[in-house]
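have a look; sequence and predicted model below, questions after that.
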Amino acid sequence: MIVATLAAWGAWSWIAFAAVLMAAEILVPGYFLIWLGIAAAVTGAVFLVLPAPWQIQVAVFAVLSLVCLFGWVRVMKSTNGTTSDKPDLNRRLEAMVGREFVLEEPIQAGRGRVRVADSVWLVTGPDLAAGARVRVTDFEGAVLLVEAA
């Protein structure tokens, strides 16, 4: 039945399929279906000009899909090495290393708290009084390791 529909619509079936794939890309994130949609649109455009049996159309679509997907993978691999102007944007703990803060609660028995913007973080380090300035040297999990500044 699907083959009969493909044969009846001819190249327009590929263009309709392309529209469905591109619309589905909106619902399914990942930039995958858009490339299949492009392959389907190109297949439809080619066979509007050059009619061919459905078997050849499917083979051309398969080849174009692979070309589009491999091209996308190649582009994505080449952009992974780019540097960001804010490399610590999603690495909050790493961004805190080297910064200085004021102790909100004293460090007693190796544990205390510092205020960082609108949150309070657990710290470990040498015993210090509340209000003392500390420098973050490292972190373990969500605990900041500090020293007197």
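Now that the structure is in, tell me what you want to look at.

need the phi and psi values for the residue nearest the centre of the chain.
With distances taken as C-alpha atoms, centre = their mean, residue 30 lies nearest the centre of the chain, 8.2 Å away. Dihedral pair for residue 30: phi 130, psi -10, per degrees, to the nearest 10.

so where do the helices sit in the chain?
For the chain, the helices defined by DSSP state H cover 2-9, 11-27, 33-49, 54-79, 92-96.

ok, back up a step: show the pLDDT at the residue nearest to the centre of the chain.
As predicted, residue 30 sits at a pLDDT of 75.

how about residue 83?
For residue 83, the model assigns a pLDDT of 67.

wait, what's in contact with the residue of the chain most remote from its centre?
What lies farthest from the middle of the chain is residue 129; by C-alpha atoms, centre = their mean that is 42.9 Å. Taking C-beta atoms under 8 Å, 6 or more residues apart in numbering, we find residue 129 in contact with 103, 106. Placement of C-beta: from N, CA and C, glycine included.

tell me where the model's unsure across this protein.
Applying pLDDT under 70 to the chain flags residues 1-7, 80-84, 87-89.

how about the nearest residue to residue 106 once chain neighbours are set aside, phi and psi?
Once flanking residues are discounted, residue 106 sits nearest to residue 130: 4.5 Å by C-beta to C-beta, 6 or more residues apart in numbering. The phi and psi torsions at residue 130 (degrees, to the nearest 10) take the values phi -60, psi 140.

hang on, isn't residue 130 packed against residue 104?
Yes: with contact defined as C-beta atoms under 8 Å, residue 130 reaches residue 104; the gap is 6.7 Å.

so how many other residues sit close to residue 134?
For residue 134, the neighbour count with other C-beta atoms under 10 Å is 23.

make that residue 46, sorry
Look at residue 46: counted by other C-beta under 10 Å, it has 16 neighbours.

from residue 61, how far out is it?
From residue 46 across to residue 61, the span is 10 Å (C-beta to C-beta, to the nearest Å).

just give the nearest non-adjacent residue to residue 52, would you?
With C-beta to C-beta, 6+ apart as the criterion, residue 52 has its nearest non-adjacent residue at 7.9 Å, and that residue is residue 60.

so what's that neighbour up against?
For residue 60, the contact set (C-beta under 8 Å, 6+ apart) comprises 43, 46, 47, 52.

dump the residues you listed into CSV; add distance to residue 68 as well.
What follows is the contacts of residue 60, written out as CSV (distance: C-beta to C-beta, whole Å):
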residue, distance to residue 68
43, 11
46, 14
47, 17
52, 20
